[in-house]
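**Student:** Sequence and predicted structure are below.
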Amino acid sequence: MTQDEIIAFIEGLPEVGTVRAGSENGAPEAAWGDVFFFHEPGGDPARRRNMPFATVVASDYPGFDTASRLDRPGVFRVNIAVGRELFEELVGYPPAAHAEHADGTDPSQADRIIAHPLYAAQGWVAVVCPGEATSERVRALVRTAREADAARSARRTGGA
């Protein structure tokens, strides 16, 4: 699965808005080219939640997020907000216990579902360069994350 393929897949889901970080939207230069996906009820960006349900990042953020070594040619990472329950099912421990387990994984290893190097405690997982082992699961997790975000939006707005 290429970076463009995963981006096209996510953008093809219902009521998904995309923000591509760049100079035109004030994003820091380290984030330029990264893509953030939001549930947009009715396709209206004004109804977007503050947090994305998934992101695709293709470069390290020096001094902040470098563990996945994304500055290697052709390397990118898909990040997905899966919540506490699904996170534990996927990685084998609850998000709150990530600090105890962080040293046990290599966040730069490709085609493997891992706890997000920085946002595991918030229920995020990540996959560097999804491939044969993870592509279908990544698609399913992204769908689930979008549906969960849509459900939160509906509860907040009374279903509107």
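**Tutor:** Everything's here; your move.
**Student:** make it CA atoms for all contacts and neighbour counts henceforth
**Tutor:** Noted.
**Student:** list the contacts for the spatially most central residue of the chain?
**Tutor:** By C-alpha atoms, centre = their mean, the chain has its centre lying nearest to residue 79, at 2.3 Å. Contacts for residue 79 (C-alpha atoms under 8 Å, 6 or more residues apart in numbering) come out as 54, 55, 56, 57, 116, 124, 125, 126, 127.
**Student:** Equivalent analysis for residue 124, please.
**Tutor:** Counted by C-alpha under 8 Å, 6+ apart, residue 124 has contacts 79, 80, 81, 82, 83, 87, 115, 116.
**Student:** Just the ones in helices from the residues you listed, please.
**Tutor:** The helices, defined by DSSP state H, take in 83, 87 from those.
**Student:** Just give me the neighbour total for residue 52.
**Tutor:** 22 (other C-alpha atoms under 10 Å).
**Student:** Give me the distance between the nearest residue to it once chain neighbours are set aside and residue 97.
**Tutor:** Once flanking residues are discounted, residue 52 sits nearest to residue 38: 4.6 Å by C-alpha to C-alpha, 6 or more residues apart in numbering. Residue 38 sits 27 Å away from residue 97, going by C-alpha to C-alpha, to the nearest Å.
**Student:** If you count surrounding residues, which of these two has more?
**Tutor:** Comparing residue 38 with residue 97 by other C-alpha under 10 Å, the one with more neighbours is residue 38, at 25 against 12.
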